[in-house]
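**Student:** this one's sequence-less:
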């Protein structure tokens, strides 16, 4: 069954169809949440909350073809809610035990520097970096998720990369 057909069934209240869609996207949802929290348990809690909120409101989704986009938006809103409720510091101890999507030649220290740099970005830049480079979404998909014009996404992506480059002292990750 296609994702769009599953989404149509989920919108009509079919819990099994919603569950199948969640199964398709669970790893991507976790990666997004983890990139924001840097904490396995917080990321899992956020994903669980987002899945529950999604199920509660899936009947409001008007366009089944945009289920994934809609679900990621629900997740990002849940991430924002989490940080509004929690004024917590980032837990870097979990980095050693969690598979990371940074290039293989980068060591743990460099990965931590990269995550610190991403974490230092304003939220509007951080979300774009995570969606673009860790979830490999296209600019058009990010535009749909964040409800921003593609030009704004491209400009913010450019500014985010410049900020990361400045934070990492230009090409820091590629030094021998």
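**Tutor:** Great, that's in hand. Just so it is clear, the structure is predicted and the values come from calculations on it, not from any experiment.
**Student:** when you work out contacts or count neighbours from here on, use the C-alpha atoms and nothing else.
**Tutor:** Noted.
**Student:** contact partners for the residue nearest the centre of the chain?
**Tutor:** For the chain, residue 32 is the residue whose C-alpha lies nearest the centre (Cα atoms, centre = their mean; 2.5 Å). By Cα atoms under 8 Å, 6 or more residues apart in numbering, residue 32 lies in contact with 130-131, 134-135.
**Student:** can you tell me which of these has the most neighbours?
**Tutor:** residue 131 (21 neighbours; other Cα atoms under 10 Å).
**Student:** show me the contacts for it.
**Tutor:** Counted by Cα under 8 Å, 6+ apart, residue 131 has contacts 32, 137, 142.
**Student:** nearest to residue 123, of those residues?
**Tutor:** Distance to residue 123 across the contacts of residue 131 (Cα to Cα) is lowest for residue 32, with 12.9 Å.
**Student:** what is the burial count for residue 140?
**Tutor:** Each residue near residue 140 was counted by other Cα under 10 Å, and the total is 14.
**Student:** re earlier: pull out the buried residues from whichever strand or helix holds the residue nearest to the centre of the chain.
**Tutor:** For residue 32, the host element (DSSP states H and E) is helix 15-37. Burial within helix 15-37, assessed by neighbour count using 16 or more other Cα atoms under 10 Å, is assigned to 17-19, 21-22, 26, 28-37.
**Student:** and the lowest-mean-pLDDT helix or strand in the chain with helix 15-37, angle?
**Tutor:** Least confident helix or strand of the chain, by mean pLDDT, DSSP states H and E, is helix 108-120 with a mean of 79. Interaxial angle of helix 108-120 relative to helix 15-37 (axes from the mean of the first three to the mean of the last three Cα atoms, to 10 degrees): 100 degrees.
**Student:** can you pull the buried residues of helix 108-120?
**Tutor:** Buried residues in helix 108-120 (16+ other Cα under 10 Å): 110-119.
**Student:** for this structure, which spans come out with low pLDDT?
**Tutor:** For the chain, the stretches flagged by pLDDT under 70 are 86-108, 170-176.
**Student:** domain parsing for it?
**Tutor:** Taking automatic domain parsing as the reference, the chain has its domains at 1-96, 100-176.
**Student:** any idea which of the ones you listed is most buried?
**Tutor:** Of all the domains of the chain, domain 1-96 has the most neighbours on average by mean count of other Cα atoms under 10 Å, namely a mean of 17.
**Student:** what's the host helix or strand of residue 74 packed up against?
**Tutor:** Assigned by DSSP H and E, residue 74 belongs to helix 67-85. Packing partners of helix 67-85 (3 or more Cα pairs under 8 Å, 6 or more residues apart in numbering; DSSP states H and E): helix 15-37, helix 40-57, helix 139-146.
**Student:** between that helix and helix 40-57, how many degrees?
**Tutor:** 120 degrees.
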